[in-house]
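Asker: Requesting a structural model of the entry that follows:
(chains A and B)
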Amino acid sequence: MFKLFKREAAPPPSSEPKAVIDVREIAKMYKMGDVEVHALRGVNLKIMEGEFVSIMGPSGSGKSTLMNILGALDQPTSGDYFLDGVNVSRLSESELARVRNKKIGFVFQSFNLLKRTSALRQVELPLMYAGVSGRQKKAKAALESVGLGERLNHLPSELSGGQQQRVAIARSLVNEPAMILADEPTGNLDSRSGTEVMQIFQRLNREQKITVVFVTHDPWIARHTNRVIMLRDGSIIADQQVKNPLVAGASERPSLADEMEEILQDAYYGGQQEEYN
Amino acid sequence: MNIGESVRIALDGLLTNRLRALLTTLGIIIGVGAVIGLVSLGRGVENFIAAEFQGLGSNLLFVFSSAPANGTRTTIQPLSTIEAEALDNPSVAPSVGQLSQEFVVPALVVGEAVSIQLGVSGVTPNWDDVRSWTTDKGAFISAEDVDSTARVAVLGTTVVEAIYGDKTFDPVGRTIRINERVFTVIGVMAEQGGGIGVLGDQNEIIFIPISTAQTRMDRARTRDGGYRVDILNIQAVSEDRMDQAVREIEAYLDQAHAITFQGEQDYSIISQAELLNSLGSITGVLTVFLSLIAGVSLLVGGIGIMNIMLVSVTERTREIGLRKAVGARGSDIMLQFLIESVILSALGGALGVALGWLLTWIGGQLVPDLTLSVTGDAVVLATVVSTFIGVFFGLYPASRAAKMRPIDALRFE
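Answerer: Model (predicted):
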């Protein structure tokens, strides 16, 4: 359906897949007045190249904190975080900016597109801060790969929600990052646009082996990924492969009642009930 | 990330809020406009005064009686014709070129049923040469007129206008009465420029032979047997011998007036350069003072820019967060906002130059005697100052933007 966004040939596959994310004993503590809030209490996590992972958990579970740290937007209080082999938890502010620019592509729930800026220039933004040449060509290719080749000069106000999120996806992958970090990417979309966006992520992951990390509280979305990590009270309480990942668009999202029924009958997220103990 | 890109981003940001950008720059516009307008006005006045004195001739000296500076002498020995003639002698004062004596008599002048009060100047025949004035109609006082103590008068155009109602009227041959004595008008002086001048109206003048003034209008004898003289108009031999001429005149007059101590002199010597300097320093101080006041509005304008930039940084917190998330460093954000404030203030500076030029033009139209012009250095100064204001007042908001933490900025609603 969409033209592929070309990436440079991957290095020859090694015997063991490389870890894109390697988190070791990460803890994050905030001080709210006199109260110490432990948002993360010693998290260990490895995500390999080419994985499609969801991080789930109720609000207050620490999933936002973990996402901020994985995205190099925040630093852990203790522990180490290796992103693509680099210990990010020891970097300065401007080095972090470079890591975000080169290694990570962000997709946000609220799109975070700049007002009064054409789709093409939105996508050029990371290239601009990277200081690379041939920006327009690369940005155009990225937009074509998400099916927006005809809407290069449209402003966000002239695009639908789904199209805006696709611009954001193009922006996230234009610098060929080590991973794409998406925070509730379908949260602000209707189900049809959400399905389209999901299809793009699945295709990017399947065909280009791009590592994708979703942060979501929506089990339906999580079922489209290959692995689910559950957080609660700042710790990982479950980390499982999804048995039969859903293919976006292949099945209707069940009604809320059906979904509840499904949840009650089956194990969570494609796993078996006993696996959670 | 290059500067061109930053400028593009900054321009985008400004174009989003055109009205606000314009209102923000208003402070700078008014400040720069006022500075430029006032500086050109000050320069215009300075030039006008300078031109007026330049008309006197650049190597002129005036000697006149005055009270001693230290107040030790209570009697003032007036200048006399004897002294004047001595100073005119090259062996006494070789640096003195021409010397013209002037003796002023306050008088009531009546002509054609009009009477005016003014000081009538008795002058030697070379007065017009020394002062570089010319007659427009008729002739100036001649040596024969002085020798014969003739009752003849040469009028200035203001006097002609006062008596005959029209300054172009030719009164040569008519008679006027000066202090009840009948004088025949033999000439009219060419009009002197600068009607509103600091020297007073130079056309409000009547010349008569000095001998007539000294003997018929007044009994002005001096102790040395000569006649009293009020002003010696002296042309130095050349401009660079002015100082030498002053020393020679002092040496002679100190002896003639028995002056032994500095500060006892009962006469003054003023050169045109001194007059120019003293007046120039007054207008200079005035210009600086007015410019400082205008500068205050530049300061206020700068604060206005800082205020709006702070608002802009807060409004665009999420944008800053996103830019940081996709790889902008603090310095990139800093540059973006600094350029924005510099563009604002430089734009204000440019529009301010236009406003200053307009004010100058209006000033020139209102007072045609002043030739007003915006000088290049004022424009350069305004541009530099307004750019500096942009950097200075943009620094704080820009650094606030640069220091924002990306997670806080992204979370900002």
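
Asker: And the residue of the stretch 51-200 of chain B that's closest to chain A?
Answerer: Chain A sits closest to B:Ala51 of the stretch 51-200 of chain B, with a gap of 55.9 Å, by CB to the nearest CB. For glycine as for every other residue, the C-beta is placed from the backbone atoms N, C-alpha and C.

Asker: gap between that residue and B:Asp369?
Answerer: Distance check for B:Ala51 against B:Asp369: by CB to CB, to the nearest Å, it reads 10 Å.

Asker: can you check A:Phe108 too?
Answerer: Taking CB to CB, one finds A:Phe108 at 69 Å from B:Asp369.

Asker: neighbour count winner among these two?
Answerer: Per other CB atoms under 10 Å in any protein chain shown, whichever of A:Phe108 and B:Asp369 has more neighbours is A:Phe108, with 22 against 15.

Asker: who touches the closest residue to that one other than its chain neighbours in this structure?
Answerer: Closest residue in space to A:Phe108, ignoring its immediate chain neighbours: A:Asp183 at 5.5 Å, by CB to CB, 6 or more residues apart in numbering or on different chains. Residues in contact with A:Asp183 (CB atoms under 8 Å, 6 or more residues apart in numbering or on different chains) are A:Ser64, A:Met67, A:Phe106, A:Val107, A:Phe108, A:Gln109, A:Val215.

Asker: switch the cut-off to 10 Å
Answerer: A:Asp183 makes contact with A:55, A:63-64, A:67-68, A:71, A:106-110, A:112, A:213-216, B:410, according to CB atoms under 10 Å, 6 or more residues apart in numbering or on different chains.

Asker: Same question for B:Ser399.
Answerer: B:Val313, B:Gly330, B:Ile333, B:Met334, B:Phe337, B:Leu338.

Asker: give the contact list for the nearest residue to A:His154 once chain neighbours are set aside.
Answerer: Nearest non-adjacent residue to A:His154, counting by CB to CB, 6+ apart: A:Ala119, 5.4 Å away. The contact partners of A:Ala119, by CB under 10 Å, 6+ apart, come to A:113, A:139-140, A:143, A:146, A:148, A:151-156, A:158-159, A:163-164, A:166-168, A:170-171.

Asker: Low-confidence bits of the stretch 151-300 of chain B, can you list those?
Answerer: For the stretch 151-300 of chain B, the stretches flagged by pLDDT under 70 are B:193-200.

Asker: Which single residue of it approaches chain A most closely?
Answerer: For the stretch 151-300 of chain B, CB to the nearest CB, closest residue to chain A: B:Val300, 30.5 Å.

Asker: Tell me which helix or strand A:Arg24 sits in.
Answerer: Assessed by DSSP states H and E, A:Arg24 sits inside strand A:19-32.

Asker: B:Asp129: neighbour count?
Answerer: Each residue near B:Asp129 was counted by other CB under 10 Å, and the total is 16.

Asker: Spit out the contact partners of the closest residue to chain A within the stretch 301-413 of chain B.
Answerer: The minimum distance from the stretch 301-413 of chain B to chain A, using CB to the nearest CB, falls at B:Gly327 (2.3 Å). Listed by CB under 10 Å, 6+ apart, the contact set of B:Gly327 reads A:96-104, A:106, A:125-131, A:175, A:177, B:1.

Asker: Then A:His217?
Answerer: Contact partners of A:His217, counting by CB under 10 Å, 6+ apart, are A:Ser54, A:Ile55, A:Met56, A:Gly57, A:Pro58, A:Ser59, A:Ser61, A:Lys63, A:Glu184, A:Gly187.

Asker: shouldn't the first one be in contact with A:Arg223?
Answerer: Yes: under the criterion of CB atoms under 10 Å, A:Ser54 lies in contact with A:Arg223, with a separation of 8.6 Å.

Asker: and the two? which has more neighbours close in?
Answerer: A:Ser54 (26 against 20).

Asker: ok, the strand or helix carrying that one near chain B or not?
Answerer: Counting by DSSP H and E, the element that carries A:Ser54 is strand A:52-56. No: using CB under 10 Å from any CB of the partner chain, strand A:52-56 never reaches chain B; the gap is at least 16.1 Å.

Asker: what is the orientation angle of that strand with strand A:19-32?
Answerer: Taking axes from the mean of the first three to the mean of the last three CA atoms, to 10 degrees, one finds strand A:52-56 and strand A:19-32 inclined to each other by 20 degrees.

Asker: where along chain A do the helices fall?
Answerer: Secondary structure of chain A (DSSP state H): helices located at A:63-70, A:93-103, A:119-130, A:135-145, A:161-173, A:191-208, A:219-222, A:256-265.

Asker: quick one, domains of chain B?
Answerer: According to automatic domain parsing, chain B comprises the domains B:3-53+B:277-411, B:67-265.

Asker: Return the distance of the shortest one from the chain's centre.
Answerer: Going back to what we said before, that points to domain B:3-53+B:277-411. Relative to its parent chain, domain B:3-53+B:277-411 has a centroid offset of 29 Å by CA atoms, centre = their mean, to the nearest Å.

Asker: cool, and stretch B:183-193?
Answerer: Relative to its chain's centre, stretch B:183-193 lies at 28 Å (CA atoms, centre = their mean).

Asker: Need the helices of chain A in CSV (columns: mean pLDDT).
Answerer: Converted to CSV, those look like this (pLDDT from 0 to 100):
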stretch, mean pLDDT
helix A:63-70, 90
helix A:93-103, 92
helix A:119-130, 92
helix A:135-145, 92
helix A:161-173, 93
helix A:191-208, 91
helix A:219-222, 88
helix A:256-265, 61
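
Asker: Of all the residues in chain A, which one is nearest chain B?
Answerer: A:Asn101 (2.3 Å).

Asker: near chain B, which residues of the stretch 151-277 of chain A show up?
Answerer: Contacts of the stretch 151-277 of chain A with chain B, taken as CB under 10 Å from any CB, map to A:Ala168, A:Arg171, A:Ser172, A:Val174, A:Asn175, A:Pro177, A:Leu181, A:Asp183.

Asker: nearest residue to the fourth one other than its sequence neighbours?
Answerer: It stands for A:Val174. Using CB to CB, 6+ apart, the closest residue to A:Val174 is A:Ala142 (4.2 Å).

Asker: what residues are up against that neighbour?
Answerer: Counting by CB under 10 Å, 6+ apart, the residues that A:Ala142 touches are A:5-6, A:120, A:123-124, A:126-127, A:148, A:167, A:169-176.

Asker: Buried only: go through those for me.
Answerer: By neighbour count, with 16 or more other CB atoms under 10 Å in any protein chain shown, those hold A:5, A:120, A:123-124, A:126-127, A:148, A:167, A:169-176 as buried.

Asker: need the contact list for residue 95.
Answerer: Just so you know, I chose chain A. Residues near A:Glu95 by CB under 10 Å, 6+ apart: A:Ala72, A:Val86, A:Val88, B:Arg329.

Asker: try chain B instead
Answerer: B:59, B:61, B:234, B:236-238, B:240-249.

Asker: which ones among these are found in helices?
Answerer: Those of those mapping onto helices are B:Met242, B:Asp243, B:Gln244, B:Ala245, B:Val246, B:Arg247, B:Glu248, B:Ile249, per DSSP H.

Asker: any chance of those in TSV, plus neighbour count?
Answerer: Converted to TSV, these look like this (neighbours: other CB atoms under 10 Å in any protein chain shown):
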residue	neighbour count
B:Met242	22
B:Asp243	12
B:Gln244	16
B:Ala245	24
B:Val246	21
B:Arg247	14
B:Glu248	18
B:Ile249	24
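
Asker: Next, format the residues you listed as a markdown table and append distance to chain A.
Answerer: Shown next, in a markdown table, are the ones in helices among the contacts of B:Ser95 (distance: CB to the nearest CB, whole Å):
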| residue | distance to chain A |
| --- | --- |
| B:Met242 | 68 |
| B:Asp243 | 67 |
| B:Gln244 | 72 |
| B:Ala245 | 73 |
| B:Val246 | 71 |
| B:Arg247 | 73 |
| B:Glu248 | 77 |
| B:Ile249 | 77 |
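
Asker: give me the number of residues near A:Leu73?
Answerer: Residues contacting A:Leu73 under the criterion other CB under 10 Å number 22.
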